[in-house]
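Enquirer: Provided below for reference: sequence and predicted model.
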Amino acid sequence: MNSFSHFSIKSKLIISILSLLFIALSTYSAFILFVNYQRSSTTLLNESKLQSHLIADYAVTPLLFSDLLGGVEVLHRLKEIPNINAAIIYDEKGNEFASFVREPDTKAYAKSIDNKFVDSSHFIDDELIISTPISYNGLPYGVVLFYVSTTEIPKSLLSYAVILLLGMIILILLSLVMIYKIQNYISLPIINLAKTTQEITLSEDYTIRAQKMYSDEVGHLYDDFNTMLEKIEQRGREREEAETISRTYQSHLERLTNELETRVQERTIELQESLDRLQNTQFQLVESEKMSALGSLVAGVAHEVNTPLGISITAASIFKNEIKTIRAMLDNNTLSKSALDHFIETIDEADEILIKNLDRAALLVRNFKKISVDQSSEEIRTFELNDYLQEVLSTFKSELKHRPVELKMLLDPLPINMNSYPGAISQIVVNMLQNALLHGFDHDQEGLITIETRHKEDSVVIIFSDNGKGVDINVSHKIFEPFITTKRNMGGTGLGLNITYNLVTQHLGGSIKLDSTYEEGARFIMEIPCNIV
């Protein structure tokens, strides 16, 4: 098929028509040969059956009177029919009664057969075998078998096929001559058009026109081709005019370009200075935001530590009062066993309260120290994420004490060991919680903030969600850009989520996005690698 596509139109036309003609003639010839074969076979069968029935009628008398010579004489009438190879008469017991074999040495025929005398015919190899019962008054006396040669049928078909082949060759040759003459009317205009196109391509002279030969479809193609040349010529003139105008303004444009380059250089210097000032300001704002977060952390820890320390002071006061009371009893010799038991029970309870609250205060101080060190350092260390998040949130609870907002944690049941920047993670968590409290809920509005962790193969997914007001559709597409805030008059700087985005994507090598399908509030999905190389 690919080779055929590279042929010329002339060759394609000749090959296509000759192929169709050959297929049509071959199909017709095959059909004719098939019909002739069927007709020859039917004719041979009918003629042979007629002869068989005649011999069967003639053989009745020899069989009735056991006249062998009469039977042989009946069969020898078949000598004049050249296509009968043999004819054999069998008596009613199936034994051979008389026979005629044209060439006895070529084939041996059965001397006896089963006495199933039925009228039948069938072709075997190159012979037609016909069985005709011999009967008289409805009683069977024997059967005659005809062996008729069918070799003449293929010979006649071969002769007929040769005649058909010669006719096909003559028709194809005549068709070839006619096609050759007709194709000039089709391919010659196309060839002339191709030559004209090649001449225009080599000379680039678009004033040349194709000379139409016939007013047919190819003639319309000539008209369209000439119209196209006229448009190309017109556009060429317009292009030359445009080039003339262009050259006129070229020098003026060069002068303006030089002036513009000078102005651009001056403006670039000014913009670079402004950019440096802006970057310095942004760095200061980011540091301020970090200190603000750390300040919130310090205030929260101080508030949390005050509670167990106050309880510890109360327990110490109980110690002092009970000891003073027991000493007075000793001095007055009024100490009783019940008073001593009461003293011991009170001291035990106060001691348990004191130890428990001092341990809590110590834990808060340790957590604060660890988190503050993490936020002020840029070092990588190994830690378990779920435990670390609980440490961070223990220092943030003071932010929620005066707000009707519940904090819920759905942590992965399996440990999530990380080798990363814990300070960046703590700052991200604090920023996300402060962002939810500031933007998600009014001050007296009840709500729920959920932090969820999911461990994947080499990373962890942290989901921050709330059932608050959600994100305004006007800012959702640019929520991580700097200075984007809807609470500027309430202390919002618009840097919290921008800092968070930079920490996640640049510092931790992860990703963070706003879930636009979440309709119950706001949900942020963050994924960070467990190990930073």
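Expert: In hand now; what should we look at? Numbering: from 1, shown residues only.
Enquirer: can you give me the helices in the stretch 1-150 of the chain?
Expert: In the stretch 1-150 of the chain, helices defined by DSSP state H, counting those that start in this stretch lie at 2-5, 9-58, 60-64, 68-75, listed in chain order.
Enquirer: out of the ones you listed, which comes closest to Lys324?
Expert: If you check each of these against Lys324 by C-beta to C-beta, helix 2-5 wins as the nearest, at 113.2 Å. Where you see a C-beta, it was placed from the backbone N, CA and C, and this is true even at glycine.
Enquirer: Just say helix, strand or coil for Arg454.
Expert: Here Arg454 is recorded as strand under DSSP: H, G, I helix; E, B strand; the rest coil.
Enquirer: mind listing what it touches?
Expert: Arg454 makes contact with Asp412, Val460, Val461, Ile463 under the criterion C-beta atoms under 8 Å, 6 or more residues apart in numbering.
Enquirer: Not counting its neighbours along the chain, what's nearest the last one?
Expert: So the one you mean is Ile463. When the adjacent residues along the chain are set aside, Ile463 lies closest to Glu452, with 4.2 Å between them (C-beta to C-beta, 6 or more residues apart in numbering).
Enquirer: what about the helices of the stretch 1-150 of the chain, which gets the closest to Ile525?
Expert: Closest among the helices of the stretch 1-150 of the chain, using C-beta to C-beta: helix 2-5, at 53.8 Å.
Enquirer: all strands of the stretch 251-400 of the chain, in order?
Expert: 381-384 (DSSP state E, counting those that start in this stretch).
Enquirer: One more: the stretch 401-533 of the chain?
Expert: 405-410, 417-420, 447-455, 459-466, 511-514, 522-529.
Enquirer: Partner strands of the third one and their direction?
Expert: This points to strand 447-455. The strands beside strand 447-455 in its sheet (DSSP bridges) come out as strand 405-410 (parallel), strand 459-466 (antiparallel).
Enquirer: Could you do the fifth one as well?
Expert: Under the criterion DSSP bridges, strand 511-514 sits next to strand 522-529 (antiparallel) in its sheet.
Enquirer: Dump the contacts of Arg454 to a markdown table, plus pLDDT and neighbour count.
Expert: Compiled in a markdown table, the contacts of Arg454 are given as follows (pLDDT from 0 to 100; neighbours: other C-beta atoms under 10 Å):
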| residue | pLDDT | neighbour count |
| --- | --- | --- |
| Asp412 | 94 | 15 |
| Val460 | 96 | 22 |
| Val461 | 96 | 16 |
| Ile463 | 96 | 17 |
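Enquirer: Check those residues against Met418 and report the nearest one.
Expert: Nearest to Met418 among the contacts of Arg454: Val460, at 7.1 Å, using C-beta to C-beta.
Enquirer: Let me know the pLDDT of the residue nearest to the closest one when sequence neighbours are not counted.
Expert: In space, not counting the residues next to it along the chain, Val460 is nearest to Ile416; the distance is 5.4 Å by C-beta to C-beta, 6+ apart. Here, the pLDDT recorded for Ile416 equals 93.
Enquirer: I'd guessed Ile416 sits against Glu457; true?
Expert: No. Contact criterion C-beta atoms under 8 Å: Ile416 and Glu457 do not qualify, at 11.9 Å.
Enquirer: Show me which of those two is the more surrounded one.
Expert: Under the criterion of other C-beta atoms under 10 Å, the comparison of Ile416 against Glu457 puts Ile416 first, with 21 against 5.
Enquirer: roughly how far apart are that one and Ser465?
Expert: 19 Å (C-beta to C-beta, to the nearest Å).
Enquirer: close enough to count as contact, Leu18 and Ile179?
Expert: Yes. Using C-beta under 8 Å as the test, Leu18 is close enough to Ile179 to be in contact (7.3 Å).
Enquirer: So which of the two has more stuff around it?
Expert: Looking at Leu18 and Ile179 with other C-beta under 10 Å, you find the greater number of neighbours at Ile179, namely 18 against 14.
Enquirer: Secondary structure class of the more buried one, three-state.
Expert: Counting by three-state DSSP, the three-state call for Ile179 is helix.
Enquirer: per-residue pLDDT, it?
Expert: With respect to pLDDT, Ile179 scores 73.
Enquirer: hang on, the earlier thing: do you know which of the strands of the stretch 401-533 of the chain lies nearest Leu166?
Expert: Ranked by C-beta to C-beta, the member of the strands of the stretch 401-533 of the chain that lies closest to Leu166 is strand 511-514, at 83.5 Å.
Enquirer: average model confidence for that closest one?
Expert: When pLDDT is averaged along strand 511-514, the result is 93.
Enquirer: If you count neighbours, what's buried in that strand?
Expert: Residues of strand 511-514 classed as buried under the neighbour-count rule (16 or more other C-beta atoms under 10 Å) are Ile512.
Enquirer: The residue nearest to Ile463 is in contact with Ser465, isn't it?
Expert: Yes. Here Glu452 reaches Ser465: they are 7.4 Å apart, a contact under C-beta under 8 Å.
Enquirer: what about these two, which has more around it?
Expert: A count of neighbours by other C-beta under 10 Å puts Ser465 above the other of Glu452 and Ser465, at 22 against 16.
Enquirer: With adjacent residues omitted, what lies nearest to the more buried one?
Expert: Using C-beta to C-beta, 6+ apart and skipping the chain neighbours, the partner closest in space to Ser465 is Arg523 (3.9 Å).
Enquirer: quick one: contacts for that neighbour?
Expert: Contacts for Arg523 (C-beta under 8 Å, 6+ apart) come out as Ile463, Phe464, Ser465, Asp466, Leu514, Asp515.
Enquirer: Could you check how far it is from Ser516?
Expert: When distance is defined by C-beta to C-beta, Arg523 is 9 Å away from Ser516.
Enquirer: for Ile169, same thing?
Expert: 79 Å.
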